[in-house]
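Visitor: predicted model follows, preceded by the sequence.
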Amino acid sequence: MTVRFDSELALLVDVGSAWTKANAVARARGRWRLVAHVAQPTAWGEEELRRAMVAQLARTADPRLVDRLDDLVASANRIESHTPRRPARIAVVAVSRELSGSSARRAAEAAGWEVVEAVTLDDGRSLADRLATLQAADVDAWLLAGGFDSGRSQRALEAAALVAAARREGAGPVIWAGSSRLAEDVTAMFEPDATVVVDSPRPDARREALPVLTERLLAILRATPIGEEETQLATAALPRAVAALAAAGGIRILAVDVGARGALRAIAGPDGDVTGRVRAGGGLAGLGTMGGVAARVSRLAGDAGDEATVADLLQTLRAHPATVPQLPEELSGTHAAAIVALGAMLDEGPPSGLDLVIGCGRTIAAAPTPAQAARMLLDGVRPIGVTQLAIDAAGVLLPLGSLPDAEIREGMALLADDLLAPLGTAVVSRGGDLGRLAMRVTVHRPGWPATQPVEVRGGQLHVLPLARGQEAELHIELGDGVTLGAARRSPRISALATGGSVGLVLDARGVPIVLPRRGDDRRAMLASWREALTREAPAGVERIA
């Protein structure tokens with residue numbers, strides 16, 4: 001008689017625009033665990049993904065199952081999330097490139113639209129060229145901007161007439177975000193119900209007001225059919241997963257993901273309410289098209305080379321999004337680019353009152369060392385206050401977020417031990433002066449002898465050992481003009497810290513971080529911060545920069 005051995009197996013798969021991550025979930029000693037992980041460029045395809053997964057499983061599987069692994073993987077229950085195969089597209093038409101055009105484009109990208117065409121009346125092209133460009137545009141919506149609220153700009157009407165001439169009737173909504181005094185004139189150029197009137201993002205030459213336009217564009221985006229199952233999209237799956245985590249723990253969570261093409265964030269509160277935001281073109285591949293970014297990345301990295309070298313790296317990432325950095329300089333530049341992308345995604349200011357920040361996606365969560373992931377989260381997000389840091393190292397949050405609502409929390413409970421990799425706890429302060437006392441922190445760890453308070457001065461970064469699974473009680477005294485985000489009710493603040501692969505980070509570098517002007521001084525300071533995060537220290541010995 002032949003005895004047939006079988007195995008319960010499921011695959012959690014996240015298909016990104018550049019990389020695909022897959023995890024095999026199976027029972028190990030009576031519990032569901034991640035038993036294999038594969039990451040590869042998406043372009044390699046499904047067959048190569050299955051072969052790689054089989055090879056991983058063959059190393060640890062029961063020998064009686066090895067010959068059947070290919071069939072088991074092929075027939076396994078598959079839970080998948082993916083980047084939208086075709087993001088919603090918009091054309092931006094404005095009076096000026098620097099004012100109305102720039103504001104309109106930022107609002108569209110912050111709402112998650114991909115700006116495929118941008119035409120302004122000062123772009124140097126002829127009227128025929130502009131018209132031909134817009135007629136050839138394959139877009140889902142049209143964004144018109146121009147004219148200050150105080151006047152009736154004829155140039156703004158010219159921009160609207162250009163769209164009216166190029167757009168086919170019924171070819172997507174027209175969003176008028178220009179002078180309110182021209183709204184009726186612009187609406188009359190299009191068929192009934194085609195125009196949506198929104199407050200101008202540029203009420204006058206000195207003011208920019210993006211939130212109202214961004215929120216309206218976000219609502220229009222959600223109503224735009226894209227021909228894909230919404231719950232399986234990364235843009236929906238991450239917020240749903242984060243909401244379930246926050247509700248289960250009764251905490252406030254921010255999750256961020258810098259991908260190849262776009263950047264994504266989700267903020268959820270203890271009641272499960274969540275807001276998700278996509279920044280189209282805000283991924284690593286999109287940075288190369290933004291003016292001045294190469295110089296910023298070069299300054300932030302310190303060791304990635306000059307502006308020209310970094311510009312070349314950004315163009316490589318744009319042309320080949322699945323590129324893996326081969327040199328330390330390339331890796332440093334890539335991580336600095338991720339910091340810039342995170343800062344752009346949180347352009348309304350650094351968040352405060354967070355309990356947990358989670359780094360997702362290959363750039364952050366698959367960084368070669370936990371310290372590198374921690375630096376990207378700290379420098380890109382600047383989470384003011386006492387905040388836990390973690391990464392979705394296996395890439396399971398998005399696939400779990402694609403499950404039906406009732407099953408998300410159950411899936412997270414089953415994989416609780418493998419869900420997140422904790423980096424530790426960060427205490428980030430704002431305010432104070434460089435070199436002056438920012439905070440004095442006393443750390444009480446159960447079973448450890450009493451320690452002296454740690455003094456952290458403005459511009460410094462201290463790291464104390466606090467391993468995964470350990471907890472410590474913090475007593476924090478802040479210096480003059482220094483805050484942890486919330487209003488101070490007492491000169492002494494108490495908080496609980498949990499450990500991780502990096503430890504307890506006391507960060508008094510300010511918000512935003514201010515770097516020295518001189519190149520040598522800047523590079524020395526950046527190197528000292530990197531060393532404080534990465535170098536090994538004997539138990540109980542702090543690392544200071």
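Guide: Looks like it arrived, so ask away. Everything quoted here is computed from the prediction, not taken from an experiment.

Visitor: the longest helix along the chain packs against which elements?
Guide: Longest helix of the chain, by residue count under DSSP state H: helix 328-345. Counting by 3 or more CB pairs under 8 Å, 6 or more residues apart in numbering; DSSP states H and E, the packing neighbours recorded for helix 328-345 are strand 253-258, strand 262-268, strand 274-280, helix 284-287, helix 293-301, helix 307-319, helix 361-365, helix 370-381. From N, CA and C alone the C-beta is placed, and that goes for glycine too.

Visitor: flag every buried residue along it.
Guide: By neighbour count on 16 or more other CB atoms under 10 Å, the buried set for helix 328-345 is 329-345.

Visitor: give the helix, strand or coil label for the closest residue to E117 other than its chain neighbours.
Guide: Once flanking residues are discounted, E117 sits nearest to A91: 4.2 Å by CB to CB, 6 or more residues apart in numbering. Judged by DSSP: H, G, I helix; E, B strand; the rest coil, the three-state class of A91 is strand.

Visitor: what about A91, neighbour count?
Guide: A91 has 26 neighbours, counted by other CB atoms under 10 Å.

Visitor: was I right to think it contacts A137?
Guide: Yes: A91 lies in contact with A137 (CB atoms under 8 Å); the separation is 4.9 Å.

Visitor: find residues that contact each of the two.
Guide: Jointly contacting A91 and A137 under the rule CB atoms under 8 Å, 6 or more residues apart in numbering are 116-117.

Visitor: please identify the buried residues of the helix or strand where A156 lies?
Guide: Using DSSP states H and E, A156 maps to helix 154-166. Neighbour-count burial for helix 154-166, counted by 16+ other CB under 10 Å, picks out 156-157, 159-160, 162-164, 166.

Visitor: export those residues to CSV and tack on pLDDT?
Guide: As requested, the buried residues of helix 154-166 are exported to CSV (pLDDT from 0 to 100):
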residue, pLDDT
A156, 88
L157, 91
A159, 91
A160, 91
L162, 92
V163, 91
A164, 92
A166, 91
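
Visitor: these into JSON lines, with extra columns for distance to P446?
Guide: What follows is these, written out as JSON lines (distance: CB to CB, whole Å):
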{"residue": "A156", "distance to P446": "66"}
{"residue": "L157", "distance to P446": "71"}
{"residue": "A159", "distance to P446": "66"}
{"residue": "A160", "distance to P446": "67"}
{"residue": "L162", "distance to P446": "69"}
{"residue": "V163", "distance to P446": "66"}
{"residue": "A164", "distance to P446": "71"}
{"residue": "A166", "distance to P446": "69"}
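
Visitor: quick one: the helices in the stretch 101-250 of the chain?
Guide: 102-110, 127-135, 154-166, 183-187, 211-222, 234-249 (DSSP state H, counting those that start in this stretch).

Visitor: pipe those into CSV and attach distance to C360 per row.
Guide: Shown next, in CSV, are the helices of the stretch 101-250 of the chain (distance: least, CB to CB, whole Å):
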stretch, distance to C360
helix 102-110, 19
helix 127-135, 36
helix 154-166, 37
helix 183-187, 41
helix 211-222, 20
helix 234-249, 7
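
Visitor: and of these, who's closest to H82?
Guide: helix 234-249 (6.6 Å; CB to CB).

Visitor: so what's R362 up against?
Guide: By CB under 8 Å, 6+ apart, the contact list for R362 reads 16, 18-19, 21, 39, 259, 395.

Visitor: could you redo the last one with a cut-off of 7 Å?
Guide: 19, 39 (CB atoms under 7 Å, 6 or more residues apart in numbering).

Visitor: what's the pLDDT at it?
Guide: For R362, the model assigns a pLDDT of 92.

Visitor: equivalent analysis for A295, please.
Guide: The model's pLDDT for A295 equals 94.

Visitor: for it, the count of nearby residues, please.
Guide: Neighbours of A295 (other CB under 10 Å): 13.

Visitor: could you give the number of residues near the closest residue to it other than its chain neighbours?
Guide: Nearest non-adjacent residue to A295, counting by CB to CB, 6+ apart: E307, 4.8 Å away. Using other CB under 10 Å, E307 is surrounded by 16 other residues.

Visitor: show me the contacts for G479.
Guide: By CB under 7 Å, 6+ apart, the contact list for G479 reads 432, 436-439.

Visitor: how much space between the residue nearest to E117 and L461?
Guide: Applying CB to CB, to the nearest Å, the value for A91 to L461 is 45 Å.

Visitor: any regions of the stretch 201-350 of the chain where pLDDT drops low?
Guide: When residues are selected by pLDDT under 70, those of the stretch 201-350 of the chain lie in 225-231.

Visitor: ok, 90 please
Guide: 201-237, 261-263, 272-283, 285-292, 321-324, 344-350 (pLDDT under 90).

Visitor: per-residue pLDDT, A365?
Guide: Note on A365: pLDDT of 96.

Visitor: mind listing what the residue lying closest to it once chain neighbours are set aside touches?
Guide: The shortest distance from A365 to any residue other than its chain neighbours is 4.2 Å, reached at I391 (CB to CB, 6+ apart). I391 makes contact with 358-359, 364-365, 373, 420-421, 423, according to CB under 7 Å, 6+ apart.

Visitor: make it 6 Å
Guide: 359, 365, 373, 421 (CB atoms under 6 Å, 6 or more residues apart in numbering).

Visitor: circling back: got the angle between the helix holding A156 and helix 127-135?
Guide: In terms of direction (axes from the mean of the first three to the mean of the last three CA atoms, to 10 degrees), helix 154-166 departs from helix 127-135 by 60 degrees.

Visitor: the helices and strands packed on helix 328-345: which one's closest to T195?
Guide: Here strand 274-280 is closest among those (CB to CB), at 22.7 Å.

Visitor: list the buried ones in the closest one?
Guide: Applying 16+ other CB under 10 Å to strand 274-280 flags 274, 276-280 as buried.

Visitor: any idea how far A426 lies from R89?
Guide: For A426 relative to R89 (CB to CB), the value is 38 Å.

Visitor: what about the two, which has more around it?
Guide: A426 (27 against 19).

Visitor: just give the nearest non-adjacent residue to the more buried one, would you?
Guide: V505 (4.4 Å).

Visitor: quick check, that neighbour in a strand?
Guide: Yes: under three-state DSSP, V505 sits within a strand.

Visitor: the helices and strands packed on helix 328-345 into JSON lines, with extra columns for distance to R78?
Guide: JSON lines is the format used below for the helices and strands packed on helix 328-345 (distance: least, CB to CB, whole Å):
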{"stretch": "strand 253-258", "distance to R78": "21"}
{"stretch": "strand 262-268", "distance to R78": "22"}
{"stretch": "strand 274-280", "distance to R78": "24"}
{"stretch": "helix 284-287", "distance to R78": "27"}
{"stretch": "helix 293-301", "distance to R78": "37"}
{"stretch": "helix 307-319", "distance to R78": "30"}
{"stretch": "helix 361-365", "distance to R78": "20"}
{"stretch": "helix 370-381", "distance to R78": "28"}
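
Visitor: for A194, which of those is the nearest?
Guide: Short answer: strand 274-280, nearest of the helices and strands packed on helix 328-345 by CB to CB, at 22.9 Å.

Visitor: mind exporting the C-alpha coordinates of the closest one to PDB?
Guide: Extracted C-alpha coordinates of strand 274-280, given in PDB (Å, rounded to 0.1, in the frame of the first residue of the first chain):
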ATOM      1  CA  VAL A 274      -7.800  54.900   8.500                       C
ATOM      2  CA  THR A 275      -6.700  57.400   5.900                       C
ATOM      3  CA  GLY A 276      -4.600  56.200   3.000                       C
ATOM      4  CA  ARG A 277      -2.700  58.400   0.500                       C
ATOM      5  CA  VAL A 278      -0.900  57.500  -2.700                       C
ATOM      6  CA  ARG A 279       1.700  59.800  -4.200                       C
ATOM      7  CA  ALA A 280       1.800  58.900  -7.800                       C
END
